[in-house]
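Participant: let me see the structure of the following:
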Amino acid sequence: MDVMPLLLLVAGSAAVAAAGRRVPVPVPLLLVAVGLAVSYVPGVPDYTLDPHIVLPLLLPPLLYTAATDSSYLDLRAQARPVALLSVGYVLFATFVVGCAAYLIVPGLPLTAALVLGAVVAPPDAVAATAVARRVGLPSRITTILQGESLVNDATAITAFKVALAAAVGEGATWAGGIGEFLIAAAGGVGVGLVLMVPLHWLRTHLKEALLQNTLSLLIPFVAYAVAEQVHASGVLAVVVVALYLGHRAWEVDFATRLQEEAVWKMVAFVLESAVFALIGLQLPVVLKGLGEYEGADAAWYALALFLVVAVARFVWVYPATFLPRLSARVRAREGELSWKGPFVIGWAGMRGVVSLAIAFSIPLTVHGGEPFPERNLILFLTFTTVIGTLVVQGVSLPPLIRLLKFPAHDVQAETLAEANAQAQASRVAELRLDDLLADERNALPAPLADRLRMVLERRRNAVWERLGQVNPVTGETVDDTYRRLSREMISAEREVFVRLRDGRYIDDEMLRTLLRRLDLEEAAAYREAT
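Facilitator: Purely as a prediction, here's the structure:
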């Protein structure tokens with residue numbers, strides 16, 4: 001097996017993503033553009049998306065990291081709009097886009113058109129999360145988009161299976177498809193509910209952070225594989241497990257959390273970079289089988305389908321947002337709602353790698369050995385829809401949000417809430433410390449007991465100091481100055497340790513132990529800065 005193409009993909013996409021952080025172009029779009037350009041460089045291999053790799057190997061970790069970063073409580077509060085988008089909209093888009101493709105493309109059977117509709121129906125989890133992080137959307141909108149992208153793949157995959165069965169002559173019906181979806185959804189949720197408690201128990205009872213993080217890397221694949229093995233939704237199983245583990249991450253020890261955060265940031269960075277680069281690299285593969293269509297016709301079909309996809313989302317989003325608000329109970333619970341939020345949600349429907357992977361899973365032939373009708377055109381239209389939504393909507397979304405002038409985050413109020421929470425926690429910790437020191441088994445010399453109290457006081461005062469005056473010379477708060485001086489002191493210690501190692505006064509093992517201790521102290525000093 002030649003691993004060089006894989007190494008080139010990972011290294012190249014990571015390099016482009018790193019460079020993209022220094023330019024104003026959104027990183028996902030830059031990766032897609034570079035992928036498009038590189039796909040025609042002589043000697044570059046064909047990177048054909050294999051659905052047997054993308055769906056079980058790339059989708060679970062991407063869903064897992066997105067779900068663990070989400071808030072279970074926020075998602076529960078937005079359950080209605082999330083359900084309407086992740087289930088209702090996907091089915092609506094499948095039907096509308098399928099019917100439009102049937103009318104636009106001469107000779108395209110309705111069953112094949114509905115396959116296309118199911119393929120391009122779900123907005124992508126990776127694209128939604130990447131754009132939400134980049135543009136700083138209001139928290140409610142971000143929660144809705146993330147929640148939609150976590151669940152909608154399960155709906156789309158089921159709709160695709162039903163439409164595909166009808167297209168290849170297996171006699172599937174939409175009533176049967178709805179039943180299949182309900183069974184798959186219930187099964188996926190059930191598998192997640194069964195797995196989440198024992199997996200969390202393992203995470204809290206393994207004694208080594210290395211083993212705990214190894215388990216963390218395996219969890220999304222285990223949840224997905226178990227669910228798929230019983231013909232349930234692997235997507236929903238991963239999401240349920242990840243939401244539960246993320247909600248209870250505080251029960252895992254600090255060393256695991258420190259390592260886990262770094263590990264999953266690296267995994268998400270590599271996978272997201274590779275996924276967006278892969279999208280651009282599909283162009284030669286998609287165009288290879290398009291010779292039977294004239295360029296003008298194919299371009300017209302692509303433009304028309306993109307417009308249908310973009311408009312259909314608005315047609316669903318606004319009624320789904322405002323019709324439930326005809327209920328006085330809903331209005332009283334949710335308060336006033338502007339047209340701006342639904343507009344951004346409607347415009348943020350970027351498609352991604354899942355649509356392409358599903359499209360590549362369309363078989364070459366139907367029953368009787370006949371070629372699948374217009375398979376190459378379906379691949380092309382899926383590709384152009386993905387590229388169109390990423391480029392047009394992805395590029396225009398940040399300036400659109402700035403133009404709409406959403407209320408900015410109230411930093412002062414957020415800091416005040418943080419300070420109040422820290423003050424309450426510190427009071428409880430101080431009482432706990434007094435109780436412990438009153439026991440003779442916990443006797444400490446006065447300097448060490450004072451040190452514990454000083455650390456607690458420092459932690460309590462640090463947030464309040466961010467609300468105070470800044471240094472007129474440096475512009476720093478007291479807290480900023482403290483962290484900077486702490487870092488300077490730690491750097492001085494680190495240099496001494498390295499000098500002692502170089503002089504053979506200590507060995508490398510002792511150096512690593514001492515540096516690890518300094519790293520933890522530096523992380524603690526800078527915990528409020530991130």
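Participant: report all helices and strands that the longest helix seen in the chain contacts.
Facilitator: In the chain, with assignment by DSSP state H, the single longest helix is helix 174-205. Contact partners of helix 174-205 among helices and strands, from 3 or more CB pairs under 8 Å, 6 or more residues apart in numbering; DSSP states H and E: helix 139-167, helix 209-229, helix 234-247. In this view, the C-beta of every residue, glycine as well, is placed from N, C-alpha and C.
Participant: so which bits of the second one are buried?
Facilitator: Just to be clear, that refers to helix 209-229. Using 16 or more other CB atoms under 10 Å as the test for burial, helix 209-229 gives 209, 212-213, 215-216, 219-224, 226-228.
Participant: specify the residue positioned farthest from the middle of the chain.
Facilitator: residue 440 (50.4 Å; CA atoms, centre = their mean).
Participant: report pLDDT for that one.
Facilitator: Note on residue 440: pLDDT of 78.
Participant: likewise for residue 81?
Facilitator: 92.
Participant: just the element for it, please.
Facilitator: helix 79-83 (DSSP states H and E).
Participant: just confirm residue 117 is within a helix.
Facilitator: Yes. The assignment for residue 117 by DSSP: H, G, I helix; E, B strand; the rest coil puts it in a helix.
Participant: now it: closest residue in space that isn't a chain neighbour?
Facilitator: Of all residues not flanking residue 117 in the chain, residue 98 sits nearest, at 3.1 Å (CB to CB, 6 or more residues apart in numbering).
Participant: helix, strand or coil for the one you found?
Facilitator: Quick answer, by three-state DSSP: residue 98 is helix.
Participant: so it is in contact with residue 163, correct?
Facilitator: Yes. Using CB atoms under 8 Å, residue 98 makes contact with residue 163 at a distance of 7.4 Å.
Participant: who touches both of the two?
Facilitator: Listed contacts common to residue 98 and residue 163 are 114-115, 117-118; contacts here mean CB atoms under 8 Å, 6 or more residues apart in numbering.
Participant: top of those residues by neighbour count?
Facilitator: Greatest neighbour count in the shared contacts of residue 98 and residue 163, by other CB atoms under 10 Å, goes to residue 115: 32 neighbours.
Participant: correct me if wrong: that one contacts residue 164.
Facilitator: Yes. The pair residue 115 / residue 164 is scored as a contact, 5.5 Å apart, by CB under 8 Å.
Participant: sorry, back to before: make JSON lines from the shared contacts of residue 98 and residue 163 and add pLDDT and distance to residue 427 to it.
Facilitator: What follows is the shared contacts of residue 98 and residue 163, written out as JSON lines (pLDDT from 0 to 100; distance: CB to CB, whole Å):
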{"residue": "114", "pLDDT": "93", "distance to residue 427": "61"}
{"residue": "115", "pLDDT": "93", "distance to residue 427": "61"}
{"residue": "117", "pLDDT": "95", "distance to residue 427": "58"}
{"residue": "118", "pLDDT": "94", "distance to residue 427": "56"}
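Participant: ok, the residues you listed vs residue 143, which is closest?
Facilitator: residue 118 (25.7 Å; CB to CB).
Participant: now the phi/psi pair for the most centrally placed residue in the chain, please.
Facilitator: In the chain, the centroid-proximal residue (CA atoms, centre = their mean) is residue 66; its distance is 3.2 Å. Here is the backbone geometry of residue 66 (degrees, to the nearest 10): phi -70, psi -40.
Participant: thinking again about what came up before, tell me the buried residues in the longest helix of the chain?
Facilitator: In helix 174-205, counting by 16+ other CB under 10 Å, buried: 177, 180-181, 184-185, 187-192, 194-196, 199-200, 203.
Participant: from the chain's centre, how far out does stretch 378-387 sit?
Facilitator: 22 Å (CA atoms, centre = their mean, to the nearest Å).
Participant: all helices of the stretch 1-150 of the chain, in order?
Facilitator: Taking DSSP state H, counting those that start in this stretch, the helices of the stretch 1-150 of the chain run over residues 4-20, 27-38, 51-53, 59-68, 72-77, 79-83, 90-104, 110-120, 125-135, 139-167.
Participant: now the ones you listed as JSON lines including distance to residue 296?
Facilitator: Shown next, in JSON lines, are those (distance: least, CB to CB, whole Å):
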{"stretch": "helix 4-20", "distance to residue 296": "32"}
{"stretch": "helix 27-38", "distance to residue 296": "21"}
{"stretch": "helix 51-53", "distance to residue 296": "31"}
{"stretch": "helix 59-68", "distance to residue 296": "36"}
{"stretch": "helix 72-77", "distance to residue 296": "45"}
{"stretch": "helix 79-83", "distance to residue 296": "40"}
{"stretch": "helix 90-104", "distance to residue 296": "14"}
{"stretch": "helix 110-120", "distance to residue 296": "20"}
{"stretch": "helix 125-135", "distance to residue 296": "29"}
{"stretch": "helix 139-167", "distance to residue 296": "27"}
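Participant: tell me which of these sits most buried.
Facilitator: Comparing these by mean neighbour count (mean count of other CB atoms under 10 Å), helix 110-120 ranks first with a mean of 27.
Participant: just checking, what packs against it?
Facilitator: By 3+ CB pairs under 8 Å, 6+ apart, helix 110-120 packs against helix 90-104, helix 139-167, helix 295-322, helix 353-360, helix 375-388.
Participant: so which of those is nearest residue 517?
Facilitator: If we rank the helices and strands packed on helix 110-120 by CB to CB, the stretch that ends up nearest is helix 139-167, at 36.9 Å.
Participant: what is the orientation angle of that closest one with helix 375-388?
Facilitator: Helix 139-167 runs at 180 degrees relative to helix 375-388, counting by axes from the mean of the first three to the mean of the last three CA atoms, to 10 degrees.
Participant: and helix 139-167, average pLDDT?
Facilitator: Rounded mean pLDDT across helix 139-167 is 87.
Participant: can you give me the offset of it from its chain's centre?
Facilitator: 14 Å.
Participant: stretch 85-105 now?
Facilitator: 25 Å.
Participant: so who does residue 101 touch?
Facilitator: So residue 101 contacts 108, 113, 116-117, 301, 305, 308, 381 (CB under 8 Å, 6+ apart).
Participant: CSV for the residues you listed, including distance to residue 4?
Facilitator: Formatted as CSV, these follow (distance: CB to CB, whole Å):
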residue, distance to residue 4
108, 39
113, 40
116, 35
117, 38
301, 36
305, 36
308, 41
381, 32
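Participant: between those, which sits nearest residue 250?
Facilitator: Looking across these and measuring by CB to CB, the closest to residue 250 is residue 117, at 42.6 Å.
Participant: the helices of the stretch 1-150 of the chain: which one's closest to residue 502?
Facilitator: Going by CB to CB, the one of the helices of the stretch 1-150 of the chain nearest residue 502 is helix 4-20, 31.1 Å.
Participant: what is that closest one packed up against?
Facilitator: helix 27-38, helix 254-281.
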